[in-house]
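> with the sequence up front, the predicted model follows.
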Amino acid sequence: MYIPDLFFPKNPHYYGDIVRKLFLAGGVIALVFRPIYPDLIPLNSFLFIIAMLVIAIVAGITNPEKYWTMISDLVIAGIAFIIFEYSAISQYIAISNLNFSFIVKQSLGLIFFFALYYSSKTVRAMYLKKQSGE
C-alpha cells in the first residue's frame, strides 16, 4: 500500500517537502484570487507579485542539506502568516461578516500557519542535530 510522503517524510524530522507544498498551495490560491479580491493583502499589485515570486523561489530552494533554506522557510512563513491573518481579522472586525473574501484570507492564514509550524519543527531538529555534532 502506498503511503504518501506528506505524513511520513523520508528524513526524520525534516518537513521541508510539506512546507514546499504548503507554500505552493498558498501562492496558487493567492494568485488565483488576487484579481477577484484586490484587497486580499494590503500590498500593491507589483509588491504582491514580488511576494509570490519570493514564495515560489523559497519553496524551490528548500533543501534538507541546507540549514539556511529552512530558516528562510521559517521567516517567509511567519511573514506570510502575519500578513494574511492580520488582513482576515481586520476585514472581519470591519465588516463582521463571513464573506468569501474573508474565507480566502483566513484559509491563506491557516496554510502559512501550518507552513510556519512545520518549518519550525525542521529548524529545531536541524539545530539540535548540529549541536550534537551529527
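Noted; the coordinates are in hand. Numbers count the residues shown, from 1 in each chain.
> and His13, what does it touch?
Listed by CB atoms under 8 Å, 6 or more residues apart in numbering, the contact partners of His13 are 121-122, 124-126. For the C-beta atoms, the positions are set from N, CA and C on the backbone; glycine is no exception.
> okay, and it sits in which element?
Under the criterion DSSP states H and E, no helix or strand holds His13.
> output the below-cut-off pLDDT ranges for the protein.
Scanning the chain for pLDDT under 70 picks out 1-12, 134.
> dead centre of it: give me the residue that sits there.
Phe112 (3.4 Å; CA atoms, centre = their mean).
> the helix or strand containing that one packs against which elements?
Phe112 belongs to helix 100-132 when assigned by DSSP H and E. With contacts taken as 3 or more CB pairs under 8 Å, 6 or more residues apart in numbering; DSSP states H and E, helix 100-132 sits against helix 16-33, helix 67-95.
> swap the cut-off to 10 Å and go again
Judged by 3 or more CB pairs under 10 Å, 6 or more residues apart in numbering; DSSP states H and E, helix 100-132 is in contact with helix 16-33, helix 45-61, helix 67-95.
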